[in-house]
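*Asks:* Structure for the following, please:
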Amino acid sequence: MGAALLPDLGTEIFIPVCAVIGIAFALFQWVLVSQVKLSPVSPSSGSRDSSNKNGYNDYLIEEEEGLNDHNVVLKCAEIQNAISEGATSFLFTEYKYVGIFMVAFAALIFVFLGSVEGFSTKPQPCSYDSQRTCKPALATAAFSTISFLLGAVTSVVSGFLGMKIATYANARTTLEARKGVGKAFIVAFRSGAVMGFLLAANGLVVLFITINVFKIYYGEDWGGLFESITGYGLGGSSMALFGRVGGGIYTKAADVGADLVGKVERNIPEDDPRNPAVIADNVGDNVGDIAGMGSDLFGSYAEASCAALVVASISSFGIDHDFTGMLYPLLISSMGIVVCLITTLFATDFFEIKEVTEIEPALKKQLIISTVLMTVGIAIITFISVPATFTIFNFGTQKVVHNWQLFLCVSVGLWAGLIIGFVTEYYTSNAYSPVQDVADSCRTGAATNVIFGLALGYKSVIIPIFAIAVSIYVSFSFAAMYGVAVAALGMLSTIATGLAIDAYGPISDNAGGIAEMAGMSHRIRERTDALDAAGNTTAAIGKGFAIGSAALVSLALFGAFVSRASISKVDVLTPKVFIGLIVGAMLPYWFSAMTMKSVGSAALKMVEEVRRQFNTIPGLMEGTAKPDYATCVKISTDASIKEMIPPGALVMLTPLVVGIFFGVETLSGVLAGSLVSGVQIAISASNTGGAWDNAKKYIEAGASEHARTLGPKGSDPHKAAVIGDTIGDPLKDTSGPSLNILIKLMAVESLVFAPFFATHGRSERFLIVLRAIIMSNFGGLENPANPEWDGRTREEEIAWRKEMLAKGDLAWLKEMLAKLVKWQAQEKKELEEAPLGLWDPRDDLEHN
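*Replies:* I've put the predicted structure just below:
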């Protein structure tokens, strides 16, 4: 097999050093952003020196147009504080409920996993090698609970920090837009980079420290060690579920309410300060597209790492205690931080943006540069940390893998992510014909707009699915499920850059909203709109990355679940698996129905409130009175907290119910079905919504002759585009992004509880629910001497039934059911033949 070039000590140093570099770089970017002061400029008396210039031979727009800089800045600061307070209030409210869930579910993990061996504290033979002794299941239960809590807390902190950074930067981006689009771009992108690097580095360092601390107890039992680590992924993804669903409902309820009344009914601009829902709308951009998205991608990273570690722990890396090879997934992520750092400098320091047309290409270059550099980085890491050959567990057999094959597995995932990103851009950017066709369809009304948008979404699924399929085929052929897991990590290896680009979009959107509400020049709004339009497309690209990586992560987790649950094969021709497959394919539809209706219900309340304020507040439309922003913020907060519970319960309870009552074979079918169905719906929903949004922006911008024939704002085609955008809002920002959490979360939850399901769950378990029927008084027990009891007394019959129920004897249960049917038929016959008037109510009292 040979040995890796990188010693264990080198691995122990390289991973934390990269994490520290990532945190330090994030803090450095934050310092640079903070240099933009939310305070009025004090120009030199009567002189316009170079310090007031922006590098583009252009003075502050406010100075040119005679606006009061002092009032503009104070107004921006006031709006920023309102958005920040609203976002913070929502997240703290959400975290109260999430905290209760976190504690309750942690207790459930401990009880279920601890019961696998009856809460025994004695070491047991290892499942993969009976000659070895492994730690008891109670230890796995305790450490899985701890890692679950660590993952949950890390996810929550990552989302919260991202939100605080975004609300810190939005007004600063607006103020920098006065000096030029390039200055505003740098502030928005650096702020996104703060979030990206903090999340990537925090996730890496917490996981690395957790592994090393757990290793102190587990010693040579690496199988138990990395099984316990799976709780980290479950914690991260469960928090992401509530962040994505709750945040998505919040933002889209406000967005739909603001658009329907403001744009369509009242014909006022987007983010107009007269609109009561405008603050809630801008708050929603942060809690949904920043905090929710950050938790989502953190969950993907944690789950992909856990899946790879579990599969590797029962392969040659774990059995031979090759620590460097074992931590190969973390080495990939560490190299990703270094690569993303270099890539970020290309956007902020090496190149300069002077025109709005340069914004989108600059963001696309980030994806290309990071992918190319990461390919080189993966090659370096693979050939110095992985032996020339090693063996991987593959459904009961061992597969020999070469290190160059592992390099190809990671690379194919990385490049598949880039392909998905560019295909997503093609179908959602208004620079290309698909979105322009959707915009053109608005000439004949909203109905044709909806038809064209749906068709676009369905068509946009084709190439991403082929890209995912090819990456799965190549990676599985080379390295089985371990190859799929590291392919997912390859797609997520540039997570810092991906998050920077994703976060840039909502920050720019908020910047435009602040400019509108502060009454700043239309030229500034044009610049922020250009930033926002590019961010809209890159946000769609980010969703494509998230969904693509979720597919690979879910499949890798599925493989880890199959191996941990000791399933020899998954055969869809068996009834147990096939019924799971059908039900699993239905779950994304059920989940989407819940989230869509939740947005609709919340939006209905928002629309009614906005209409009420316009109708009852004198001077609101004229701009002489202020709307009641706080009421709209409260409606979104209350609705999102209430409505996020049913979808969350569906996702969290499904694996438990199926695993306990129907067994691991049926659960494997459910996981496969939800993966296959969920990925398609998620891509379609996200791209359809993105296309409708950019079709609307295409008409509003009027940048081409074709677009001008559809405008201006307020025209019939524009109103049709707004309706399409409103329908697409919950698709692209609530249901679509949340579906990738559904397929990942059910898989990682099944992986964590796999030992419990394998021990206590079986397909006949659902018959146990009939114990109440069998033990009830109409089951023959009311007869003091039933001939079917074989001479047993009533008390002996009850004891015998309890004993048989405890054994779960399927044949006996079926026999008892037959007897129940017979006894009921006999009683019915006796009742029908009994003379009238002979019934005495005292008979029932005696029986009871």
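*Asks:* Residues touching stretch 714-721, excluding its own?
*Replies:* Residues from elsewhere that reach stretch 714-721 (Cβ atoms under 8 Å, 6 or more residues apart in numbering): 263-264, 267, 439, 442-443, 445-446, 448-449, 692, 695-696, 699-700, 710-712. Where C-beta positions appear, they are placed from N, C-alpha and C, glycine not excepted.
*Asks:* Could you report the neighbour count for Met596?
*Replies:* Using other Cβ atoms under 10 Å, Met596 is surrounded by 18 other residues.
*Asks:* how near is it to Phe662?
*Replies:* Per Cβ to Cβ, to the nearest Å, Met596 is found 28 Å from Phe662.
*Asks:* now swap in Leu492 and tell me
*Replies:* Counting by Cβ to Cβ - Leu492 and Phe662 are separated by 32 Å.
*Asks:* repeat for Ile462
*Replies:* From Ile462 across to Phe662, the span is 34 Å (Cβ to Cβ).
*Asks:* can I see the domain layout of the protein?
*Replies:* The chain is divided into the following domains under automatic domain parsing: 8-40+67-760, 771-847.
*Asks:* ok, of those domains, where does mean pLDDT dip lowest?
*Replies:* Among the domains of the chain, domain 771-847 has the lowest mean pLDDT, at a mean of 55.
*Asks:* ok, Ile462 and Phe662, which is more surrounded?
*Replies:* Neighbours per residue, other Cβ under 10 Å: of Ile462 and Phe662, the larger number sits with Phe662, 23 against 11.
*Asks:* quick one: buried residues of stretch 256-275?
*Replies:* Neighbour-count burial for stretch 256-275 flags 256-263, 266, 268, 270-275 (criterion: 16 or more other Cβ atoms under 10 Å).
*Asks:* How far off centre is that stretch?
*Replies:* Put simply, stretch 256-275 sits 30 Å off its chain's centre (Cα atoms, centre = their mean, to the nearest Å).
*Asks:* What is the neighbour count of Phe661?
*Replies:* Neighbours of Phe661 using other Cβ under 10 Å come to 18.
*Asks:* What are the boundaries of the strands in this protein?
*Replies:* 124-125, 133-134, 389-394, 397-402 (DSSP state E).
*Asks:* contacting residues around the second one?
*Replies:* Surrounding strand 133-134, the residues in contact under the criterion Cβ under 8 Å, 6+ apart are Pro123, Gln124, Pro125, Cys126, Ser127, Asp221, Gly223, Gly224.
*Asks:* Are any of those buried, and if so which?
*Replies:* Neighbour counting by 16+ other Cβ under 10 Å classes Cys126, Ser127, Asp221, Gly223, Gly224 among these as buried.
*Asks:* The last one - nearest residue in space that isn't next to it in sequence?
*Replies:* The shortest distance from Gly224 to any residue that is not its chain neighbour, by Cβ to Cβ, 6 or more residues apart in numbering, is 4.6 Å, and that residue is Lys135.
*Asks:* surely Ala539 meets Asp502?
*Replies:* Yes - under the criterion of Cβ atoms under 8 Å, Ala539 makes contact with Asp502 at 6.0 Å.
*Asks:* okay, which residue is most central for the protein?
*Replies:* Centroid-nearest residue in the chain, with Cα atoms, centre = their mean: Asp296, separated by 3.2 Å.
*Asks:* how many other residues sit next to the nearest residue to that residue once chain neighbours are set aside?
*Replies:* Once flanking residues are discounted, Asp296 sits nearest to Ala240: 4.5 Å by Cβ to Cβ, 6+ apart. By other Cβ under 10 Å, 34 other residues sit near Ala240.
*Asks:* What is the neighbour count of Val570?
*Replies:* Val570 has 18 neighbouring residues, counting by other Cβ under 10 Å.
*Asks:* Tell me who's in contact with the closest residue to it other than its chain neighbours.
*Replies:* In this structure, Val570 finds its nearest non-sequential neighbour in Ser668, 4.9 Å apart by Cβ to Cβ, 6+ apart. Listed by Cβ under 8 Å, 6+ apart, the contact partners of Ser668 are Phe558, Phe561, Val562, Ala565, Ile567, Val570, Val577, Gly580.
*Asks:* what does Pro627 give?
*Replies:* With contacts defined as Cβ under 8 Å, 6+ apart, Pro627 is in contact with Pro273, Arg274, Asn275, Pro276, Gln613, Ile617, Leu620.
*Asks:* at 6 Å what do you get?
*Replies:* Residues in contact with Pro627, defined by Cβ atoms under 6 Å, 6 or more residues apart in numbering, are Pro276, Gln613, Leu620.
*Asks:* what's the nearest residue to the second one once chain neighbours are set aside in contact with, if anything?
*Replies:* Residue nearest to Gln613 in three dimensions, not counting chain neighbours: Pro276, with 4.6 Å by Cβ to Cβ, 6+ apart. Under the criterion of Cβ under 6 Å, 6+ apart, the contact list for Pro276 reads Val610, Gln613, Pro627, Cys632.
*Asks:* I'd say the last one and Asp281 touch.
*Replies:* No - taking Cβ atoms under 6 Å as the contact criterion, Cys632 and Asp281 are not neighbours in contact, 8.6 Å apart.
*Asks:* Name the residues that touch stretch 224-244?
*Replies:* 98, 134-135, 140, 143-144, 147-148, 150-152, 155-156, 159, 214, 218, 291-292, 295-296, 298-299, 302-303, 306, 309-310, 313, 644, 648, 737-738, 741, 744-745, 748-749, 751-752.
*Asks:* Quick check: which of the domains of the chain is buried the most?
*Replies:* Compared across these, domain 8-40+67-760 shows the largest average neighbour count, a mean of 23 (mean count of other Cβ atoms under 10 Å).
*Asks:* And it, end to end?
*Replies:* Terminal residues of domain 8-40+67-760 lie 39 Å apart, using Cα to Cα, to the nearest Å.
*Asks:* returning to that earlier point: now do the same contact list for the residue nearest to Gly224.
*Replies:* Shown in contact with Lys135 (Cβ under 6 Å, 6+ apart): Tyr218, Asp221, Gly224.
*Asks:* One more: Ser674?
*Replies:* Taking Cβ under 6 Å, 6+ apart, we find Ser674 in contact with Gly584, Leu587, Ile743, Met746.
*Asks:* Next: Phe110.
*Replies:* Ala141, Thr145.
*Asks:* can you give me the helices for the stretch 101-250 of the chain?
*Replies:* Applying DSSP state H, counting those that start in this stretch to the stretch 101-250 of the chain gives helices spanning 137-176, 181-218, 222-258.
*Asks:* The stretch 651-800 of the chain too?
*Replies:* With DSSP H, counting those that start in this stretch, the ranges of helices along the stretch 651-800 of the chain come out as 705-710, 716-730, 736-752, 754-760, 771-774, 794-807.
*Asks:* Please enumerate residues in contact with the fourth one?
*Replies:* Read it as helix 754-760. By Cβ under 6 Å, 6+ apart, the surrounding residues in contact with helix 754-760 are Phe112, Leu113, Val116, Phe561, Arg564, Ala565, Ser566, Gly659, Val664.
*Asks:* Redo these as JSON lines? Include distance to Ala455.
*Replies:* JSON lines is the format used below for the contacts of helix 754-760 (distance: Cβ to Cβ, whole Å):
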{"residue": "Phe112", "distance to Ala455": "46"}
{"residue": "Leu113", "distance to Ala455": "47"}
{"residue": "Val116", "distance to Ala455": "50"}
{"residue": "Phe561", "distance to Ala455": "36"}
{"residue": "Arg564", "distance to Ala455": "42"}
{"residue": "Ala565", "distance to Ala455": "41"}
{"residue": "Ser566", "distance to Ala455": "45"}
{"residue": "Gly659", "distance to Ala455": "39"}
{"residue": "Val664", "distance to Ala455": "40"}
